[in-house]
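Q: my questions concern the predicted model and sequence given below.
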Amino acid sequence: MFDEVSTHYDRTNAVLSMGNAALWRISTTKAVAPRAGERILDIAAGTGTSSAALAKSGAHIVAADFSEGMIRVGRERHAGNPNIEFVQADATALPFKDAEFDAVTISFGLRNVVEPKKALAEFYRVTKPGGRVVICEFSTPPVKPIRVGYFAYLEHVMPRIVKLASSNAEAYDYLGESIAAWPNQPTLSSWLREAGYSNVAYRNLTLGIVALHRGGIKPADSQSTSPAS
């Protein structure tokens, strides 16, 4: 499905989010706080838009995605950027060593993983002691009128917009359903703690339509690469 929408993926996201996608990317980049010389894993990186923002710091970004089509477009777009390395990878079975990355981040991709808890365990495994995880994902607006209006938008308005903006509108049929079925902010926070991360916190963006789970720092004195009990 993502192979089929890779060509116009970023344009469609900008339209569907009413321009907020760029603001969410800025918030996520600030939360990751990339530094020159760091090695950062950007999972579900798609065409590398989020990776490019992180790479401006001078950090080396490994842009991983399950979709071969997304990776192909990303490599073409960022061929001249030596700080971005594209790798096709499964979030639940990452092809990386234990404790390899200073930070792991994923934006709007964890929702698409069949076994998200397994993916979180993998994120923990490849994070260095003292490293951090940042997750930006659609979530549940806490205020009921906003929540009702948002889900109405997903069900009735968004499908019409997709038909105009996407190269394959049918591929987006799942989007509203996947967002509505996704757990709320406290639940995802609990999953991060179960995976072994500490100091977990989240911040709502755009009235809770999106939540930025920007704590999740692995203890610096941790000696184990397996999830804490």
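A: Everything's here; your move. Note that this is a predicted model, so its numbers are computed, not measured. Residues are numbered from 1 along each chain as shown.
Q: show the subsequent helix or strand relative to the strand ranked longest in the chain.
A: If you go by DSSP state E, the chain has its longest strand at strand 127-138. Going down the chain from strand 127-138, the next helix or strand is helix 144-152, by DSSP states H and E.
Q: that next one: which residues count as buried?
A: Y150 (16 or more other CB atoms under 10 Å). No exception for glycine: its C-beta is placed from N, CA and C like everyone else's.
Q: for A53, give me its contacts.
A: 25-26, 29 (CB atoms under 8 Å, 6 or more residues apart in numbering).
Q: just F96 next, same as before
A: So F96 contacts 41, 62, 89, 126 (CB under 8 Å, 6+ apart).
Q: try it again with 6 Å
A: Taking CB atoms under 6 Å, 6 or more residues apart in numbering, we find F96 in contact with V126.
Q: ok, A103 next?
A: By CB under 6 Å, 6+ apart, the residues touching A103 are 32, 40, 131-132.
Q: which one of those has the most neighbours?
A: V32 (27 neighbours; other CB atoms under 10 Å).
Q: report the longest helix in this protein, please.
A: The longest helix of the chain (DSSP state H) is helix 20-32.
Q: circling back to that earlier point, name the nearest of the contacts of A53 relative to S107.
A: Proximity of the contacts of A53 to S107 (CB to CB) peaks at R25, which lies at 7.2 Å.
Q: just to revisit the earlier point, would you write a PyMOL line that selects the buried entries of the contacts of A53?
A: Restricted to buried positions by 16+ other CB under 10 Å, the PyMOL selection for these reads:
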select buried, resi 25+29
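Q: pipe the contacts of A53 into JSON lines and attach distance to V113 and pLDDT per row.
A: What follows is these, written out as JSON lines (distance: CB to CB, whole Å; pLDDT from 0 to 100):
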{"residue": "R25", "distance to V113": "20", "pLDDT": "92"}
{"residue": "I26", "distance to V113": "24", "pLDDT": "95"}
{"residue": "T29", "distance to V113": "22", "pLDDT": "97"}
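Q: and L23, how many neighbours?
A: 13.
Q: contacts made by stretch 60-72 with the rest, please.
A: With CB under 6 Å, 6+ apart as the contact definition, stretch 60-72 has outside contacts at 2-3, 6, 39-48, 51, 54-55, 83-90.
Q: change it to 7 Å
A: Contact with stretch 60-72 is made by 2-3, 6, 39-48, 51, 54-55, 74, 83-91, as judged by CB atoms under 7 Å, 6 or more residues apart in numbering.
Q: now a PyMOL select for only the buried ones of these.
A: In PyMOL syntax, the buried subset of the contacts of stretch 60-72 is picked out as below (16+ other CB under 10 Å):
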select buried, resi 2+3+6+39+40+41+42+43+44+45+46+47+48+51+54+55+74+83+84+85+86+89+90+91
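Q: return the subset of the contacts of stretch 60-72 lying in strands.
A: Counted as lying in strands by DSSP E, out of the contacts of stretch 60-72, are 39-43, 84-88.
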